[in-house]
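Participant: quick one, fold the following:
(chains A and B)
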Amino acid sequence: MSTPISPLILLHPDDNVLVVRAAIRAGDALDIDGTRVTAAQDVTVGHKLARRTLAAGDKVLKYGAPIGSMTAAVDVGGHVHMHNMKSDYIASHTRQVVGGSEGGH
Amino acid sequence: MAEMRGFLRSDGRKGIRNVVVVAYLVECAHHVARRIVTLSDDMDVHLIGFPGCYPNSYAFQIMTKLCTHPNVGGVLLLSLGCESFNREALRQVVAASGRPVETLVIQQAGGTRATIEAGRAAVARLKVLADQTPVVPMARHELVVGTICGGSDGTSGITANPAVGRCFDWLVETGATCIFEETGELVGCERIMSDRAVTPELGAEIEACVQKAERYYTIMGFGSFAPGNAEGGLTTQEEKSMGAYSKSGSSPISGLIKPGDIPPSGGLYLMDVVPDGEPRFGFPNISDNAEIVELIASGSHVILFTTGRGSVVGSAISPVIKVCANPETYVRLSEDMDVNAGRILEGKATLDEVGAEILGLVEAAAAGDRTVSEALGHQEFILTYKSFEPVGPACLPTRAA
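Facilitator: Predicted coordinates for the structure are as follows:
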């Protein structure tokens, strides 16, 4: 009943990431600032995609504010998450780091 | 909609509930206290307590503020008998507040079975007295509202949190008191917050308290960032912080308080929850309910709890309104949610519309309606060790006025 809405939201004009508001599947065609990009993988709601090409060391901007730095390069439309960015304050942890019964592989 | 009404207390504050609390003063009295509450089978008889046997002035302060909270109409203290907690000092403060209070000491009352029986009779007497509390109309400026986020994900900071921020802005405009907290979850926002402080001196205090939080969490080894946050799309502490920060809305920040401090006037307050001094007792807040207890100790009548991953908790003493940020989570957990802020992501509602819905639910709770978690019987409670110095004079600029 409503017109289709983009699965990506830009929260602030200065941002270099977009937030996923509807789940994306690998192969989906995405429009990022007029550039057509094919999604490389499934990405769930709440995650971030690169709005432009980012290099290791670049600050990641969301809400118009820095939320950390890239640790590896990413292309436009690539997933920006734990594998390629880090905090500039306190390191984030995963269950594996903590160990215990959920730490095994 | 029904009008807001309050139970008038002797200090002039009004409660939106009239709860009888059963408070255990050491873990050794927990079972007996819980049995009394369970057997009372009354939605307005709640269990609170402090598990430690060693003395702690923070825990004493929080227990005192909770037992004299406007939502509390009567208190039963449950002691084993040999713990350090100063039960007589607490009893005197509650009695001086005009509330009915009784104390049971298990070692003197004949053990488990006899104390449970005596406790049930005591609760019945306290209920009768609490029911005599005058009920009077309550205005919006008399409300104290706290907010917390738990189980955050990448949607929290774009739907539920800014919607609560709108609600906070409207409450503050009409003279109500609003409290946001968890300075460890505001790491990265310190300069933006300090610019909103009503005085530069308060701004400096806010920056200092966030720096204290960053240092404290760094020594602990983990930020306030759980694995579920990352699964939900959040990557760093400061990203989570920016999302959490949006709960505060856009009003000026009137003061910086510590847990148990009652804000001196209406306005928006930041609560510094990170202990002072060298880390001694572990993580500042070991789970969401520890934060909720502190917001209530500072007088919150109602708590706005935003969640993306999906929390189901409520609280003892004050109703919790749960605002679900993520539309997919809402589908799975709709029976536990008061508000579906995920509609904003689907283009079915605006931030203002969801903010207005939240404000309506605050007023409904103050008119006596049960929130979802209340109706489900959620009354979580946790209190652990901490230590604080009193706030400095720059933290409450309005108090001098």
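Participant: distance of A:Met70 relative to A:His12?
Facilitator: Going from A:Met70 to A:His12 by CB to CB, to the nearest Å gives 18 Å. Every residue, glycine included, has its C-beta placed from N, CA and C.
Participant: so between the two, which is more surrounded?
Facilitator: More crowded of A:Met70 and A:His12, by other CB atoms under 10 Å in any protein chain shown: A:Met70, with 19 against 10.
Participant: wait, that one touches A:Leu61, no?
Facilitator: No - if you go by CB atoms under 8 Å, A:Met70 and A:Leu61 don't touch, sitting 11.2 Å apart.
Participant: number of residues surrounding A:Asn84?
Facilitator: Counted with other CB under 10 Å, A:Asn84 comes out at 18.
Participant: residues touching the residue nearest to it when sequence neighbours are not counted, list them.
Facilitator: Leaving aside its chain neighbours, A:Asn84 sits nearest to A:Ala72 (4.2 Å; criterion: CB to CB, 6 or more residues apart in numbering or on different chains). Residues in contact with A:Ala72 (CB atoms under 8 Å, 6 or more residues apart in numbering or on different chains) are A:56, A:83-84.
Participant: now swap in B:Ser79 and tell me
Facilitator: B:24-26, B:29, B:85, B:87, B:103-106.
Participant: and those as JSON lines, adding neighbour count?
Facilitator: Output for these, formatted as JSON lines (neighbours: other CB atoms under 10 Å in any protein chain shown):
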{"residue": "B:Tyr24", "neighbour count": "27"}
{"residue": "B:Leu25", "neighbour count": "29"}
{"residue": "B:Val26", "neighbour count": "22"}
{"residue": "B:Ala29", "neighbour count": "28"}
{"residue": "B:Phe85", "neighbour count": "25"}
{"residue": "B:Arg87", "neighbour count": "20"}
{"residue": "B:Thr103", "neighbour count": "19"}
{"residue": "B:Leu104", "neighbour count": "23"}
{"residue": "B:Val105", "neighbour count": "16"}
{"residue": "B:Ile106", "neighbour count": "25"}
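Participant: out of the residues you listed, which is nearest to B:Gly165?
Facilitator: Taking CB to CB as the measure, B:Gly165 lies nearest B:Tyr24 of the contacts of B:Ser79, at 36.9 Å.
Participant: can you pull the buried residues of the helix or strand encompassing B:Cys209?
Facilitator: Using DSSP states H and E, B:Cys209 maps to helix B:200-220. Under the neighbour-count criterion of 16 or more other CB atoms under 10 Å in any protein chain shown, helix B:200-220 has B:202-203, B:205-206, B:208-210, B:212-214, B:216-217 buried.
Participant: how about residue 12, phi and psi?
Facilitator: Let's take chain A. A:His12 adopts backbone torsions of phi -150, psi 140, taken as degrees, to the nearest 10.
Participant: for B:Glu190, same thing?
Facilitator: phi -60, psi -40.
Participant: could you check how far the closest residue to it other than its chain neighbours is from B:Gly188?
Facilitator: Among residues not flanking B:Glu190 along the chain, B:Val210 sits closest, at 3.8 Å (CB to CB, 6+ apart). B:Val210 sits 8 Å away from B:Gly188 when distances are taken as CB to CB.
Participant: rewinding a little: ok, the residue nearest to B:Glu190 touching B:Glu185?
Facilitator: No - when contacts are counted by CB under 8 Å, B:Val210 is not listed as touching B:Glu185 (9.9 Å).
Participant: bridging residues for B:Met271?
Facilitator: Legend: beta-bridge partners of B:Met271 under DSSP bridges are B:Ile257.
Participant: so what's it up against?
Facilitator: For B:Met271, the contacting residues are B:179-183, B:256-259, B:261, B:294-295, B:298, by CB under 8 Å, 6+ apart.
Participant: strand partners of the longest strand along chain B, parallel vs antiparallel please.
Facilitator: Counting by DSSP state E, the longest strand found in chain B is strand B:72-79. Strand B:72-79 has the following sheet partners, assigned by DSSP bridges: strand B:19-24 (parallel), strand B:101-105 (parallel).
Participant: what pairs with B:Val72 across the strands?
Facilitator: Going by DSSP bridges, B:Val72 is paired in beta bridges with B:Val19.
Participant: that one: how many residues sit nearby?
Facilitator: Going by other CB under 10 Å, the residues that sit close to B:Val72 add up to 30.
Participant: all strands for the chain, in order.
Facilitator: Answering for chain A, as no chain was given. Counting by DSSP E, the strands of chain A are A:8-9, A:17-20, A:29-32, A:35-38, A:48-50, A:59-62, A:65-70, A:79-80, A:85-86.
Participant: actually chain B
Facilitator: B:5-8, B:14-15, B:19-24, B:45-49, B:72-79, B:101-105, B:135-137, B:144-149, B:177-180, B:253-257, B:267-271, B:302-307, B:320-324, B:339-340.
Participant: show the pLDDT at the residue lying closest to B:Gly277 once chain neighbours are set aside.
Facilitator: The shortest distance from B:Gly277 to any residue other than its chain neighbours is 6.2 Å, reached at B:Ser387 (CB to CB, 6+ apart). Note on B:Ser387: pLDDT of 95.
Participant: now chain B against chain A: closest residue?
Facilitator: Per CB to the nearest CB, B:Gly154 is where chain B lies closest to chain A, at 2.4 Å.
Participant: was I right about that residue contacting A:Gly46?
Facilitator: Yes - the pair B:Gly154 / A:Gly46 is scored as a contact, 2.4 Å apart, by CB under 8 Å.
Participant: tell me, what's touching those two both at once?
Facilitator: A:19-20, B:232-234, B:308.
Participant: if we can go back for a sec, farthest pair within the contacts of B:Met271?
Facilitator: The most widely separated members of the contacts of B:Met271 are B:Glu182 and B:Asp261, with 15.7 Å between them, by CB to CB.
Participant: the two: who's more crowded?
Facilitator: A direct count of neighbours by other CB under 10 Å for B:Glu182 and B:Asp261 places B:Glu182 higher, at 27 against 24.
Participant: who are the neighbours in contact with B:Val26?
Facilitator: Here B:Val26 is in contact with B:49-53, B:79-80, B:83-85 (CB under 8 Å, 6+ apart).
Participant: try it again with 7 Å
Facilitator: For B:Val26, the contacting residues are B:51, B:53, B:80, B:83, B:85, by CB atoms under 7 Å, 6 or more residues apart in numbering or on different chains.
Participant: follow-up on the earlier one: let's have the contacts of B:Met271 in TSV, adding distance to B:Lys247.
Facilitator: Listed next are the contacts of B:Met271 as TSV, based on distance: CB to CB, whole Å:
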residue	distance to B:Lys247
B:Ile179	10
B:Phe180	6
B:Glu181	10
B:Glu182	10
B:Thr183	13
B:Leu256	16
B:Ile257	16
B:Lys258	19
B:Pro259	18
B:Asp261	19
B:Glu294	15
B:Leu295	12
B:Ser298	16
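Participant: including pLDDT, could those go into CSV?
Facilitator: As requested, these are exported to CSV (pLDDT from 0 to 100):
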residue, pLDDT
B:Ile179, 98
B:Phe180, 97
B:Glu181, 95
B:Glu182, 88
B:Thr183, 90
B:Leu256, 98
B:Ile257, 98
B:Lys258, 98
B:Pro259, 98
B:Asp261, 98
B:Glu294, 98
B:Leu295, 98
B:Ser298, 98
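Participant: any idea of the pLDDT on the residue nearest to B:Glu190?
Facilitator: Predicted confidence (pLDDT) at B:Val210: the value is 94.
Participant: got the phi and psi for the closest residue to chain B within chain A?
Facilitator: Closest to chain B within chain A is A:Gly46: 2.4 Å, counting by CB to the nearest CB. Phi and psi for A:Gly46, reported as degrees, to the nearest 10, are phi 100, psi -20.
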